[in-house]
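Novice: Can you look at this prediction? I've put the sequence above it.
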Amino acid sequence: MYAEDSLDNILKDLLSSIPEMKGAIIATKDGLPIASALPPYIDESLMTKLVSFLFEQTEKLGRQCGESSNCEFNVIRFESEYAVTRAIGKDVILTVLIVKDIKLGLVFLDIRRACERISELMIKNK
């Protein structure tokens, strides 16, 4: 665990690890924001609702395809950026916005590490 760990610090560390990351948000699967570091032009409330809806629909698609477990990861590719979303346990989602011209392998590694820190912090603070 990192000294002075908080959800805000975890997001700041994540965004500073790769300059191409434009923003990040932690939300419940119900669409409620928990912590965010988003650019000012993004509506936090709307973003969490959309991410929640996306995850719900992806899990429904998985069930239709015979998948028995919940969705872990979503990657949406837009013309100039990616939106990468990853589940943290059963109830929380991390979403990261990334400029398109980047190798996603490094991003996925940093996202996984951030999710582990978030999970540890949430367990510690229960």
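Specialist: Sure, I can see it.
Novice: What ranges does this structure have for its helices?
Specialist: Using DSSP state H, the helices assigned to the chain run over residues 7-17, 44-64, 104-124.
Novice: just so I know, which of those helices lies nearest Asp91?
Specialist: helix 104-124 (9.2 Å; CB to CB). Placement of C-beta: from N, CA and C, glycine included.
Novice: Please tell me the pLDDT value assigned to Leu121.
Specialist: At Leu121, the model reports a pLDDT of 90.
Novice: gap between it and Ala114?
Specialist: 11 Å (CB to CB, to the nearest Å).
Novice: Likewise for Ala24?
Specialist: 8 Å.
Novice: who touches both of the two?
Specialist: Shared contacts of Ala24 and Ala114, defined by CB atoms under 8 Å, 6 or more residues apart in numbering, are found at Leu11, Leu14, Leu94.
Novice: Burial check on the last one, number of neighbours?
Specialist: For Leu94, the neighbour count with other CB atoms under 10 Å is 25.
Novice: for the second one, same thing?
Specialist: Number of residues near Leu14 (other CB under 10 Å) recorded here: 22.
Novice: Please look at it and Val96 and confirm they touch.
Specialist: Yes - judged on CB atoms under 8 Å, Leu14 makes contact with Val96 at a distance of 7.0 Å.
Novice: list the residues that contact both of those two?
Specialist: Common contacts of Leu14 and Val96 (CB under 8 Å, 6+ apart): Met21, Ala24, Ile111.
Novice: sorry, back to before: may I see the helices of the chain organised as CSV, with distance to Lys29 added?
Specialist: Converted to CSV, these look like this (distance: least, CB to CB, whole Å):
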stretch, distance to Lys29
helix 7-17, 16
helix 44-64, 6
helix 104-124, 14
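Novice: so which of the ones you listed is the most packed in?
Specialist: Mean neighbour count, computed with mean count of other CB atoms under 10 Å, is highest for helix 7-17 among the helices of the chain, reaching a mean of 17.
Novice: Pull the contacting residues for Ser80.
Specialist: Contacts for Ser80 were tallied using CB under 8 Å, 6+ apart; they are Val99, Lys100.
Novice: Phi, psi for it please.
Specialist: Phi and psi for Ser80, reported as degrees, to the nearest 10, are phi -120, psi 0.
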